[in-house]
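Asker: quick one, what's the 3D model for this:
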Amino acid sequence: MAILLYLTIIGSVALTSANQCVSVGGACATGNRYAADANAYASLLTNLPQRSPQPTPPGLNKATENTGSPSKARQRSAVTHELLVIAPAADNDGHYRFVRSALVQGVAANNVQDVTVEAFSQLATTEGTVVLVVPESSDAVLLADPIEVLSKFRAQDSSMVVPDACLSPSDTCAPFALLGYADAVAKMIKAHPAMATWDEVIAQALEDKLATPDTQHSIFVDVQTHENLYSGKLRYHQPFDDVDDLRVLDGTTQSLPAVMHGTGVGAHQLDQIANYMPMRWSDTEGCIACKERDTLADMVDSMHVHVILSIDARSPFFELMLEALASQDLPLGNVAITAMLAPSQRAHIYRQQWKAFVAKHKEFAQTQLMDMTSYAGGVQEALAQELPFTLDRVILLHSHAMLTNTSALRVLMASDYGMITPMLSKQEQYWSNFWGTASGYAPKPMREALPLVETDLGYMRSPDYFEIVERKQRGVWTSPLAFEVLVIQSRLFPLLTEAMTQAASVVQEGGSNGEWFAVQVALCLHMRSHGMHAHVTNMHHFGHLLNADNFDTSRSNPDLYMVQDNPQEWEKIYLNERYSEYKELGFIENCNDVFRVPIFSKAYAKALIEECENFGEWSNGQHGDNRLKGGYEPVPTQDIHLNQIDFAKSWRHIIQTYLRPITSYWYTGYNLDGRVTLDFVVRYRPDRQSFLRPHHDASTVTLNVALNQGGEDYQGGGTHFTRQNCTLKDSEPGWGSLSPGRLTHQHEGLRTTAGTRYILVSFIDQN
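Answerer: This next block holds a predicted model:
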């Protein structure tokens, strides 16, 4: 079924590897990773999808398209002798992308650098051979097969054709392609022996007026720097019911461009096109090209890796993040880690956690912690370190990257991309570690922070961004910006060093998060300026981003407040390990309608006590209480309300998420609302308030949670229910009890005879 999608969709870039550079114990010499002739290109890419020459798409004007409706049965070999593609090789991702786009069409891209009669005469041309010259192949893709290209060219009735923008008096032309008969091109080269580049050849064709514009048949489309990304002039089009391939539809001519070119911001548009086509994505198979560069799986165990970890000033659940790193399925003896610690109120805590991590995991080849005065400078220093091996990969890692998939780094290292990152997003949010696309306008703060960057880069969300983040659409995607986890091959180390050197001389913000992000932008732009792309893969679920938006470094236990921001980590640390067994563990013999609740961990209990003691403003246990609406407490305790320590919002989420299913199970027909509650931590000790007289609670249901251990931290204590004649005593910290409030379950707090007893009480649904 034919579909239409706007041009600004971003897609996947997945290519097969060329010269592999993996060093074991020695230097890694790379050289040009792309072959120097067309035959060698074909040997690099194996098992590429190929499609037969296509007829005119249904619904398009055949007179305008003028493809001649060739038969699909026509042999590709007969076509490739008639179309000769010249694309001078460049050692970058963009050129390799063009080479692939040509190969899947059944035509090789010839690397002809010298513009001489002798070099041109060595190409296998026959009478009628047509030459397609694409000097800047890094910024272009071939979208049509040879038959379509030749048909459109011959319909022009000209010896040479160039993009129509080059002949418009209102535009400044930077000609990017030439399509012409080989004999005409050779004749022009012979007549102008001083020409040294193919750009000069195209310019000469224009000067001699040998070329006609591509005005009606959409052989070429140039996405210029100032092209409006939402102009709607171009759309994706899946034109064939029987062919699972995508094309670009020119909305002006209602025809299909054969060659697409993008410069400046237009390069991001080109990425979106080339990520889906040609033969990269289909509606039925998904990402066709995604496994073409998964070629290094057998070499991962012999790769040596330097992980450069940036510890942000706000790093929630840092210990869990470190453990996820140590759990990666890699030979840790081949991994060195340099951690860079940003200055913060919690720096001493991160330092302690790092030391504990290093003491626990001695398998790593080398570990080091250094104080970070600037991110770029820290990376420079880390890269200059002497390591016990020669590197094959550098991984720039941020402390917000939680790699829950133990195979995450192995998968990334097995893929032969110069720079690749796993798609990660914040839990239950669309905020991720990549940009879908970019605009030509960068916000003022970014421009001021990055004066080394000449090209403005502003965030834009691509139309398929949600599908990518949700992993409804899976692939390997080219992105203008990727961060948090960057796996970088050794062949890009010189560019990495250059980018950090430039950034370190300009961006100096003491290792702040703003500086870190600014350097990520600078790095991706520097790589892109050399034709190297940032790739993002969501082919697997790799993990997620830790959300530090509400992380308060002034608190003793800021992670305690992260239940909504980072629920997986919060549950791992603070939810009782037996929480899921509440149905089996809840019944209390001879204590009717009172149920035991395994809700919190000991870590939760300890953290909540610390937050209350650090706050320190315990009530005096008197009836007068200006914290309450009426100013009067009939059954007073010495306590701190949860809203006093800014925990009320988190607590409401906790009871609605974790307590509601328990109350619904034990109290049939009751659906906990949780909007009107009174929640507080009570402190009992012999020299102050040591007990609480019998009373009813002003609640529908009451939760009472032990926060420290009876018999160890204090003596005595406990809760006695009068009518039920049962006593709960010495509960394990984090374990609670549920009981009905008001009429049926009068109870009292038994005397604490020694030590200090802490309990968490919540009067739920007071209305």
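
Asker: run through who's touching the helix or strand Lys583 falls within.
Answerer: Per DSSP states H and E: Lys583 is located in helix 582-585. Here helix 582-585 makes contact (Cβ atoms under 8 Å, 6 or more residues apart in numbering) with 578, 596-599, 662, 665. Just so you know, the C-beta spots here come from the backbone N, C-alpha and C atoms, and that holds for glycine as well.

Asker: okay, and which of those residues map to helices?
Answerer: 662, 665 (DSSP state H).

Asker: turn the contacts of helix 582-585 into a markdown table, columns for distance to Ala267.
Answerer: What follows is those, written out as a markdown table (distance: Cβ to Cβ, whole Å):
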| residue | distance to Ala267 |
| --- | --- |
| Arg578 | 55 |
| Arg596 | 63 |
| Val597 | 58 |
| Pro598 | 56 |
| Ile599 | 53 |
| Ile662 | 55 |
| Tyr665 | 57 |
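
Asker: so, low pLDDT: which residues of the stretch 451-600 of the chain?
Answerer: For the stretch 451-600 of the chain, applying pLDDT under 70 flags the ranges 451-457, 507-513.

Asker: circling back: in strands only, show me the contacts of helix 582-585.
Answerer: Mapping the contacts of helix 582-585 onto strands (DSSP state E) picks out 596-598.

Asker: name the nearest of the residues you listed relative to Thr295.
Answerer: Pro598 (49.2 Å; Cβ to Cβ).

Asker: got a list of what the closest one touches?
Answerer: 576, 578-579, 581-582, 585, 734-735.

Asker: beta partners of it?
Answerer: When bridges are called by DSSP bridges, Pro598 pairs up with Trp735.

Asker: secondary structure class for Ile488?
Answerer: strand (DSSP: H, G, I helix; E, B strand; the rest coil).

Asker: now do the same contact list for it.
Answerer: Ile488 sits next to 393-396, 418-419, 496 when contact means Cβ under 8 Å, 6+ apart.

Asker: the helix holding Lys583: how far from the chain's middle?
Answerer: Helix 582-585 has its C-alpha centroid displaced from the chain centroid by 39 Å (Cα atoms, centre = their mean, to the nearest Å).

Asker: again with stretch 420-428
Answerer: 4 Å.

Asker: quick check: mean pLDDT of it?
Answerer: Mean pLDDT, computed over stretch 420-428, is 97.

Asker: quick one: residues in contact with it.
Answerer: By Cβ under 8 Å, 6+ apart, stretch 420-428 touches 401-403, 408, 411-412, 431-434, 468-469, 471, 476-477, 482-487, 534-538, 540, 542-547, 565-568.

Asker: what is the end-to-end distance of that stretch?
Answerer: Using Cα to Cα, to the nearest Å, the end-to-end distance of stretch 420-428 comes to 24 Å.

Asker: list the buried ones in it?
Answerer: The neighbour-count check on stretch 420-428 (16 or more other Cβ atoms under 10 Å) flags 420-427 as buried.

Asker: export the residues you listed to TSV and tack on distance to Asn111?
Answerer: Putting those into TSV (distance: Cβ to Cβ, whole Å) gives the following:
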residue	distance to Asn111
Ile420	26
Thr421	30
Pro422	34
Met423	34
Leu424	38
Ser425	40
Lys426	45
Gln427	48
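
Asker: need the max-distance pair from the residues you listed.
Answerer: The two members of these with the most space between them (Cβ to Cβ) are Ile420 and Gln427, at 22.7 Å.

Asker: pLDDT below threshold where in the chain?
Answerer: Within the chain, the stretches with pLDDT under 70 are 1-81, 164-174, 215-218, 223-245, 251-253, 440-457, 507-513.

Asker: what about the nearest residue to Leu546 once chain neighbours are set aside, distance to Ala324?
Answerer: Spatial nearest neighbour of Leu546, chain neighbours left out: His400 (4.5 Å); criterion: Cβ to Cβ, 6 or more residues apart in numbering. Taking Cβ to Cβ, to the nearest Å as the measure, His400 falls 12 Å from Ala324.
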